[in-house]
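Undergrad: Here's a sequence, model it:
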Amino acid sequence: MSRPRPPASRRPAAPRRVAKAPPAQPRLLLLNKPFDVLTQFNDEQGRATLRDFVDVPGVYPAGRLDRDSEGLLLLTNDGRLQARIADPRHKLPKTYWVQVEGEPSEAQLQQLRDGVTLNDGPTLPAEARLLDEPQLWDRNPPVRFRKSVPTGWLELVIREGRNRQVRRMTAAVGLPTLRLVRVAIGSWTLDGLQPGQWREVPALLP
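TA: Coordinates of the predicted model:
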């Protein structure tokens, strides 16, 4: 004969999740991530990681930047700040300088401004404008060019965070990306940092 189940009120309650307390000293670092560096601190294959440049314990990336992209990466030890920065719902604008194969036309720029359809759906409208070739550090290794094909530079501002989004957007309008540098997230900027250099700023949202 089965025993009757205890009343619901007497059943053991499921353990409540306790929010992690914020760190006693929140930290926020701005790093200029070099080309060919993974946005993580360990790699079993021995590739370059953030550990090669940042010796601050307890910080981790707020968002990602592809291995073959360069520029601004934010790191923090504050989980709530990390989530707030990385969450695309908050739509922090991310500004990129993009070297593309071909000479961008106004029609192509307008396509980017209107939003383009990718294999995972249409993008939000972006800010897009032509850019004179910026004064940047030399990339190592250098970009491979085709002598018969001209190149141009764009400034592209997006408010999403899809995988390899900028590269896919420029390819969708016929402008393959050759070099991609993120220069700003919200009001945080590279501000003169050379590849591999970082600086600490107040751990507050701009």
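
Undergrad: secondary structure class for Arg47?
TA: coil (DSSP: H, G, I helix; E, B strand; the rest coil).

Undergrad: roughly how far apart are it and Pro150?
TA: Using C-beta to C-beta, to the nearest Å, Arg47 is found at 33 Å from Pro150. Placement of C-beta: from N, CA and C, glycine included.

Undergrad: so what's Arg146 up against?
TA: Glu101 (C-beta atoms under 8 Å, 6 or more residues apart in numbering).

Undergrad: next one: the one 3 residues further on
TA: Contact criterion C-beta under 8 Å, 6+ apart gives Glu101, Gly102 as the residues in contact with Val149.

Undergrad: Doesn't Gln82 lie inside a helix?
TA: Yes. Gln82 forms part of a helix when assessed by three-state DSSP.

Undergrad: That one reaches Ala62, doesn't it?
TA: Yes. Assessed by C-beta atoms under 8 Å, Gln82 is found in contact with Ala62 at 4.3 Å.

Undergrad: If you count surrounding residues, which of these two has more?
TA: The neighbour comparison of Gln82 against Ala62 (other C-beta atoms under 10 Å) goes to Ala62, with 22 against 19.

Undergrad: contacting residues around the more buried one?
TA: Leu74, Leu75, Thr76, Leu81, Gln82, Ile85, Ala86.

Undergrad: what do you get if the cut-off is 6 Å, keeping everything else the same?
TA: Leu74, Thr76, Gln82, Ile85, Ala86 (C-beta atoms under 6 Å, 6 or more residues apart in numbering).

Undergrad: swap in Lys91?
TA: Taking C-beta under 6 Å, 6+ apart, we find Lys91 in contact with Arg159.

Undergrad: any idea how far it lies from Leu124?
TA: Taking C-beta to C-beta, one finds Lys91 at 8 Å from Leu124.

Undergrad: Now for the two: what residues contact both?
TA: Arg159.

Undergrad: Overlap of the contact sets of Gln82 and Ala62?
TA: By C-beta under 6 Å, 6+ apart, the residues touching both Gln82 and Ala62 are Thr76.

Undergrad: need the helix or strand of the chain with the lowest average pLDDT.
TA: None of the helices or strands of the chain scores lower by mean pLDDT, DSSP states H and E than helix 79-86, at a mean of 88.
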